[in-house]
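Enquirer: coords please:
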Amino acid sequence: MADKVVVRKHRGAHAEMMACCFLLENGYEVFRNVSGVGIIDIVAVKDDQVLKIDVKQATPQLDNGGNARASGGSLSEAQIMAGVVLLFVTEEGFCHFDLRAIGDFYAELERRHHEAIYGPGTVTPRAPRTALGHFAAGPRRHGG
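Expert: Coordinates of the predicted model:
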């Protein structure tokens, strides 16, 4: 089966739909911003909790040590004043409110890819992007 590719101009809408699915699966009622502009993408309600959400597509990167991490967007001053929170979404559909969890997700993808090629517990050589389109982490030991 071929990898799914989302056309660049549709990535934001795709991320928002993945975020809506994630929220629905976690018991929230979900309301989308139909205008396409504004400081809030989604309002999610569960029990007495109301979340004002801005969805950001997370991007895989390497930190200075060569370790997998993720980057995303930040809130504007207006969003901060309105109590908006960020929900990060990977192109694989993994969603989380904490960008560090997204980084952990990318690190785990890279670890699994490396172990599939070199075997469990091997040292990752410093290398360019892998065949999966992710990134090779710097020298480190993967324990098992």
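
Enquirer: in a strand, residue 43, correct?
Expert: Yes - secondary structure assignment (DSSP: H, G, I helix; E, B strand; the rest coil) places residue 43 inside a strand.

Enquirer: who's it bridged to?
Expert: Beta-bridge partners recorded for residue 43 (DSSP bridges): residue 31, residue 52.

Enquirer: helices of the chain, start to end?
Expert: Read by DSSP state H, the chain holds these helices, from start to end of the chain: 11-25, 77-82, 99-118.

Enquirer: next, the contact list for residue 88, please.
Expert: Applying C-beta atoms under 8 Å, 6 or more residues apart in numbering to residue 88 gives the contacts 55-58, 70, 72, 95-99, 102. For glycine as for every other residue, the C-beta is placed from the backbone atoms N, C-alpha and C.

Enquirer: change it to 10 Å
Expert: By C-beta atoms under 10 Å, 6 or more residues apart in numbering, the contact list for residue 88 reads 15, 19, 55-59, 70-73, 94-103, 105.

Enquirer: quick one, which of the residues you listed are buried?
Expert: In the contacts of residue 88, burial by neighbour count holds for 15, 19, 55-58, 70-72, 94-96, 99, 102-103, 105, counting by 16 or more other C-beta atoms under 10 Å.

Enquirer: of those residues, closest to residue 48?
Expert: Taking C-beta to C-beta as the measure, residue 48 sits nearest to residue 19 out of the buried ones among the contacts of residue 88, at 21.2 Å.

Enquirer: is it correct that that closest one is in contact with residue 95?
Expert: Yes - if you go by C-beta atoms under 10 Å, residue 19 and residue 95 touch, sitting 5.7 Å apart.

Enquirer: any common contacting residues for the two?
Expert: Taking C-beta under 10 Å, 6+ apart as the contact criterion, the common neighbours of residue 19 and residue 95 are 55, 87-89.

Enquirer: among these, which lie within strands?
Expert: Helix and strand membership here follows DSSP state E; of these, those in strands are 55, 87-89.

Enquirer: against residue 97, how distant is residue 51?
Expert: As for residue 51, its distance to residue 97 is 9 Å (criterion: C-beta to C-beta, to the nearest Å).
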